[in-house]
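Student: Just to be clear, the model below is a prediction. Sequence and coordinates:
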There are 2 protein chains.
Amino acid sequence: MRADAKKNYSHLLAVAHDVVAEHGTDVSMRDIARRADVGLATLLRHFPTREALFEALLRTNLDALTQRADELEASSPPDEALLSWFREWIAFAQSHRGVVALMASAHTNPDSALYASCAAVHAASARLLLNAQAEGTARTDMNGDDFFGLMSALGWLVDLPPFAPRAGHLVHLIASAFLTNRPNNDVEKRCAQLDR
Amino acid sequence: MRADAKKNYSHLLAVAHDVVAEHGTDVSMRDIARRADVGLATLLRHFPTREALFEALLRTNLDALTQRADELEASSPPDEALLSWFREWIAFAQSHRGVVALMASAHTNPDSALYASCAAVHAASARLLLNAQAEGTARTDMNGDDFFGLMSALGWLVDLPPFAPRAGHLVHLIASAFLTNRPNNDVEKRCAQLDR
DNA sequence: ACCTGAACACCGTTCAAGT
DNA sequence: ACCTGAACACCGTTCAAGT
């Protein structure tokens, strides 16, 4: 990669980050290019599709997220780890509005730039679920796909402004569906932090 | 309404129904107009926005759906009525792919053509929930908004092809979150009919 | 190598002109 | 009254021409 290309690349990423934070996930590629004072074709050269752009934009945060799964697995009992993971996922969804919808439709499409990241999240989720199931604290009649489905559905929901204020409570509700021991008050309080 | 206008109106509705069934919710208005052998401006005159078109397209089915809430309320015990309502909603979502997302974002916007229909569904849901709560078969730490949120989230999810095969099971999972008595095997079997 | 203006085929909105 | 072609301001994609 040439020096000017490298500069353009990181500049575009920085601008995209700002403009997405400002105007949401569905800004046009043209707008981003304009804001970066760069030809639209230049943006498309670095990020051939909108998904490719978001993949680059989210890689760091998504890597950190899946790494949190490892930490939780090591430091917490399986049921607590599972619930904390679920909460952190929702927090991620809230701070990256619109991304969950992208991931949910990309996660079975190997051609998508987001496929690998989705697979990583899916794998981490399935692992934490299995741990809790083995311990008897998560219901055994669901699999990793079901769990990822619940994560996606709730992540999508809390992205909608009318539901954001109840996000934490909704997490608490869903948690009571997959945990066999109903979460206690302490957990409920931690969930409440997600309300917006 | 003049005779030719009336003819155009129903013709457009019929064409829209077919083309949506064929190509999904996100066909362009232009495509629909083309298929109807009518100027785009004519389509826009009858249905000034995409939401207005879908409102007209769904009114009959949505009316039937909310009426089902009344029937269920009269004929079934509150907890069964609540669960059946939830199941019928998901079945509706499955047969009108993409509509749930439209409704979820329209339900707090009084300017939307779909607002009234959303309000009707919301009200019916809240009523059935209250009945079950009064009877002690639904958890009392959730309100109508929460329930409508769960309905929306799951309806959106089962619209995604990868999750459709587990739709019934996912309904069963969520149901165990809002019903205090875990649903029995019989209910589980009825939910399984939603798998695609 | 890398950038970019311009052309292309789309989209929904608007409106003056036609019947 | 109702219809409609055309103009408009957008979108993402593609590519030949420039540095």
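Tutor: In hand now; what should we look at? Numbers count the residues shown, from 1 in each chain, chains lettered A, B, ... in the order given.
Student: which helices and strands does whatever helix or strand residue A:83 lives in pack with?
Tutor: If you go by DSSP states H and E, residue A:83 is part of helix A:78-95. Counting contacts by 3 or more CB pairs under 8 Å, 6 or more residues apart in numbering or on different chains; DSSP states H and E, helix A:78-95 is packed against helix A:50-75, helix A:99-106, helix A:115-135, helix A:144-158, helix A:167-178, helix A:185-192. (Each C-beta comes from the backbone N, C-alpha and C, glycine too.)
Student: let's see 7 Å
Tutor: Under the contact definition 3 or more CB pairs under 7 Å, 6 or more residues apart in numbering or on different chains; DSSP states H and E, helix A:78-95 sits against helix A:50-75, helix A:115-135, helix A:144-158, helix A:167-178, helix A:185-192.
Student: Show me which residues of chain A sit near DNA strand D.
Tutor: Within chain A, the positions near DNA strand D by CB under 7 Å from any atom of the strand are A:28, A:29, A:30, A:31, A:40, A:41, A:44, A:48, A:49, A:50.
Student: number of nearby residues for the second one?
Tutor: Read that as residue A:29. 15 (other CB atoms under 10 Å in any protein chain shown).
Student: Check what pLDDT it gets.
Tutor: The confidence metric pLDDT takes the value 97 at residue A:29.
Student: hang on, it packs against residue A:50?
Tutor: Yes: applying CB atoms under 7 Å, one finds residue A:29 in contact with residue A:50, separated by 6.4 Å.
Student: The residues of chain A next to DNA strand D: which two are farthest apart?
Tutor: A:31 and A:48 (17.5 Å; CB to CB).
Student: And these two? Which one has more around it.
Tutor: Residue environment comparison for residue A:31 versus residue A:48 gives the larger neighbour count to residue A:31, 14 against 11, counting by other CB under 10 Å.
Student: Contacts only, for the more buried one.
Tutor: Residues counted as contacts of residue A:31 (CB atoms under 7 Å, 6 or more residues apart in numbering or on different chains) are residue A:19.
Student: and the gap between it and chain B?
Tutor: With distances defined as CB to the nearest CB, to the nearest Å, the gap from residue A:31 to chain B amounts to 21 Å.
Student: How much space separates that residue from residue A:47?
Tutor: In this structure, residue A:31 and residue A:47 are 14 Å apart, going by CB to CB, to the nearest Å.
Student: OK, contacts around the closest residue to residue A:158 other than its chain neighbours?
Tutor: Leaving aside its sequence neighbours, residue A:158 sits nearest to residue A:167 (CB to CB, 6 or more residues apart in numbering or on different chains; 4.1 Å). Applying CB under 7 Å, 6+ apart, one finds that residue A:167 lies in contact with A:90, A:94, A:158, A:194, A:195, A:196.
Student: Buried among these? Make that a ChimeraX selection.
Tutor: Written as a ChimeraX command, the selection of buried residues from those, which uses 16 or more other CB atoms under 10 Å in any protein chain shown, is:
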select /A:90,94,158,194
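Student: Which one of the contacts of residue A:167 is nearest to DNA strand C?
Tutor: Ranking those by separation from DNA strand C, with CB to the nearest atom of the strand as the measure, puts residue A:158 on top at 27.7 Å.
Student: and stretch A:21-33, anywhere near DNA strand C?
Tutor: No: when contact is scored as CB under 7 Å from any atom of the strand, no part of stretch A:21-33 falls within range of DNA strand C; the minimum is 8.0 Å.
Student: chain center to the worst-scoring helix or strand of chain A on mean pLDDT, what's the gap?
Tutor: Every helix and strand of chain A was ranked by mean pLDDT, DSSP states H and E. The lowest is helix A:185-192, at a mean of 77. Distance, stretch centre to chain centre, for helix A:185-192: 21 Å (CA atoms, centre = their mean, to the nearest Å).
Student: do stretch A:127-138 as well
Tutor: Centroid separation for stretch A:127-138 versus its chain: 21 Å, with CA atoms, centre = their mean.
Student: And that stretch, what's buried?
Tutor: Buried positions in stretch A:127-138, judged by neighbour count with 16+ other CB under 10 Å: A:127, A:128, A:129, A:130, A:131, A:132, A:133, A:137, A:138.
Student: Just the pLDDT for the last one.
Tutor: By that I understand residue A:138. The predicted structure scores residue A:138 at 97 on the pLDDT scale.
Student: Next, the buried residues of the helix or strand hosting residue A:14.
Tutor: In this structure, residue A:14 is located in helix A:3-23 according to DSSP H and E. For helix A:3-23, the neighbour count (16+ other CB under 10 Å) marks A:8, A:9, A:12, A:13, A:15, A:16, A:19, A:20 as buried.
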